[in-house]
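Novice: Turn this into a model:
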Amino acid sequence: MAQILVVDDEIGIRELLSEILCDEGHSVALAENATVAREIRARARPDLVLLDIWMPDADGITLLKEWAANGQLTMPVIMMSGHGTIETAVEATRIGALDFLEKPIALQKLLATVKRALRSQEVRAMAPLSLANFGRSPVMAEFKKRLTQLAASNAPLLLRGEAGTLPELYARYLQSPGAPWINASEALSGVAHDVLSQTAGGVVFVDELAQLTRTQQKHLVFLVVRAERSKVRFISFTSSDPRDLVEGRGFDAGLLARLSELSIGVPALREHAEDIPDIANLMLLQLVETRYCPPRRFATAALNLLRNFHWPGNLASLQASVRNLSLTALEEEIGAADVERVLREARSRPAGPGLALDRPLREAREAFERAYFEHHLALENGSIARVAEKCGLERTHLYRKLKQLGISGGRRDESA
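Specialist: Model prediction:
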């Protein structure tokens with residue numbers, strides 16, 4: 001049947017609940033406090049948790065918050081208390097608890113609640129990667145502060161950055177809790193008035209302006225002009241230079257001006273490499289929790305290799321590599337040799353999607369140079385000295401060229 005974790009500091013209640021649930025055919029694990037519950041949860045995901053609120057080391061609400069923040073609240077949780085209040089029950093439900101049982105717990109009430117909880121367990125999908133769960137580096141801490149300030153405004157915002165930075169991650173950080181969210185692909189294919197009414201007080205997100213057709217741009221103009229009445233905020237992203245977007249790709253200049261009323265640059269992954277171990281662990285946890293792969297964990301040496309890689313494809317490339325490692329590693333612990341194997345494959349992939357023959361010469365040349373230098377920086381693990389030697393450039397000239405192309409993060413401390 002189900003794997004159920006019972007967390008309660010009273011041995012009599014633990015044993016009674018265990019006996020009842022085992023008689024129903026369930027497998028039961030017991031924890032006398034939050035510390036033991038954390039250890040059990042770290043090893044496996046139970047199908048259901050019965051969690052006492054009042055415990056000596058940490059109360060159940062605190063533990064529930066921890067699991068929610070760490071991405072581990074992927075199973076139904078039923079809170080228990082001998083002297084609970086309506087406020088406590090409401091708070092637990094808001095955090096993510098499914099139900100609330102008052103002690104002493106009647107047998108039929110217990111069985112009915114457990115049955116309902118297990119039936120509702122539509123394998124709760126793991127919450128997507130959230131900016132709130134990582135970003136302890138100075139670069140990301142400062143960036144999140146700026147995003148928090150921008151969240152107070154309803155003006156259109158343009159996020160600018162390199163391809164693969166997963167801009168939706170940052171746009172979601174600006175979304176108010178419970179506010180509507182719609183991707184432009186849906187917004188631009190429906191009836192405009194319906195879109196604005198359905199997204200009132202929420203966000204319309206455009207994940208790459210360069211991909212919008214002329215027709216979609218006209219439709220977007222219609223929406224943006226009328227968005228203020230519905231308090232709908234437009235957040236968009238582009239990895240292209242705004243001038244090239246207009247002059248080289250024929251993007252509507254007026255629309256771009258409206259969408260970039262506010263603008264902020266998204267950091268490339270290599271600019272906050274300190275966060276890579278945390279991000280990789282969160283990505284792997286997602287895959288394990290949703291049973292995409294068997295139980296896996298990273299060795300410290302493996303995380304160090306991931307941290308030191310240049311990641312020209314940013315978060316998207318890291319995510320793809322973590323997925324690869326989760327399925328191809330032969331042991332539960334993903335080691336340095338596994339990471340070296342996957343990074344070797346990443347280095348050998350073509351640097352880009354192909355020559356941009358349909359672009360103006362200047363833009364095509366810049367696209368090629370950007371892909372060329374990112375490719376070699378990845379091959380040389382970000383070493384400016386080795387890339388300069390390999391490409392036949394002086395280091396000073398290479399620094400200038402990388403800055404001109406918007407490429408940052410190379411290591412300056414190597415000897416030539």
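
Novice: low-scoring stretches of this structure, by residue?
Specialist: 84, 121-128, 186, 189-194, 348-360, 362-363, 378-381, 406, 408-416 (pLDDT under 70).

Novice: Please parse it into its domains.
Specialist: 3-119, 131-265, 269-348 (automatic domain parsing).

Novice: got a list of what the most centrally placed residue in the chain touches?
Specialist: A centroid search over the chain (C-alpha atoms, centre = their mean) returns Leu129, at 2.1 Å, as the residue closest to the centre. Residues near Leu129 by C-beta atoms under 8 Å, 6 or more residues apart in numbering: Leu166, Leu169, Ile279, Leu282, Met283, Gln286. Just so you know, the C-beta spots here come from the backbone N, C-alpha and C atoms, and that holds for glycine as well.

Novice: and of those residues, the nearest to Thr238?
Specialist: Leu166 (14.1 Å; C-beta to C-beta).

Novice: picking that back up, of all the domains of the chain, which one comes closest to Leu361?
Specialist: The closest of the domains of the chain to Leu361 is domain 131-265. By C-beta to C-beta, the value is 9.9 Å.

Novice: Is it correct that Asn154 is in contact with Phe234?
Specialist: No. Asn154 is beyond contact range of Phe234, at 9.6 Å (criterion: C-beta atoms under 8 Å).

Novice: More neighbours: the two, which one.
Specialist: For Asn154 versus Phe234, the count of surrounding residues by other C-beta atoms under 10 Å is larger for Phe234: 23 against 14.

Novice: re earlier: would you turn the domains of the chain into TSV with distance to Phe373?
Specialist: What follows is the domains of the chain, written out as TSV (distance: least, C-beta to C-beta, whole Å):
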stretch	distance to Phe373
domain 3-119	35
domain 131-265	12
domain 269-348	9
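
Novice: Kindly indicate whether the residue nearest to the centre of the chain is helix, strand or coil.
Specialist: coil (DSSP: H, G, I helix; E, B strand; the rest coil).

Novice: All the strands of the stretch 151-300 of the chain, residue numbers only.
Specialist: 157-160, 181-183, 203-206, 233-238, 262-265, 297-298 (DSSP state E, counting those that start in this stretch).

Novice: how distant is the fourth one from the center of its chain?
Specialist: Between the mean C-alpha point of strand 233-238 and the mean C-alpha point of its chain there is a distance of 18 Å (C-alpha atoms, centre = their mean, to the nearest Å).

Novice: in its sheet, what does it sit against?
Specialist: strand 157-160 (parallel), strand 203-206 (parallel) (DSSP bridges).

Novice: nearest to Ser321, of those strands?
Specialist: strand 157-160 (23.4 Å).

Novice: Tell me how far that closest one lies from the chain's centre.
Specialist: Distance, stretch centre to chain centre, for strand 157-160: 18 Å (C-alpha atoms, centre = their mean).

Novice: Could I get the buried residue list for it?
Specialist: Buried residues in strand 157-160, counted by 16 or more other C-beta atoms under 10 Å: Leu157, Leu158, Leu159, Arg160.

Novice: go on, stretch 82-92?
Specialist: Those would be Gly84, Thr88, Ala89, Glu91, Ala92, for stretch 82-92 by 16+ other C-beta under 10 Å.
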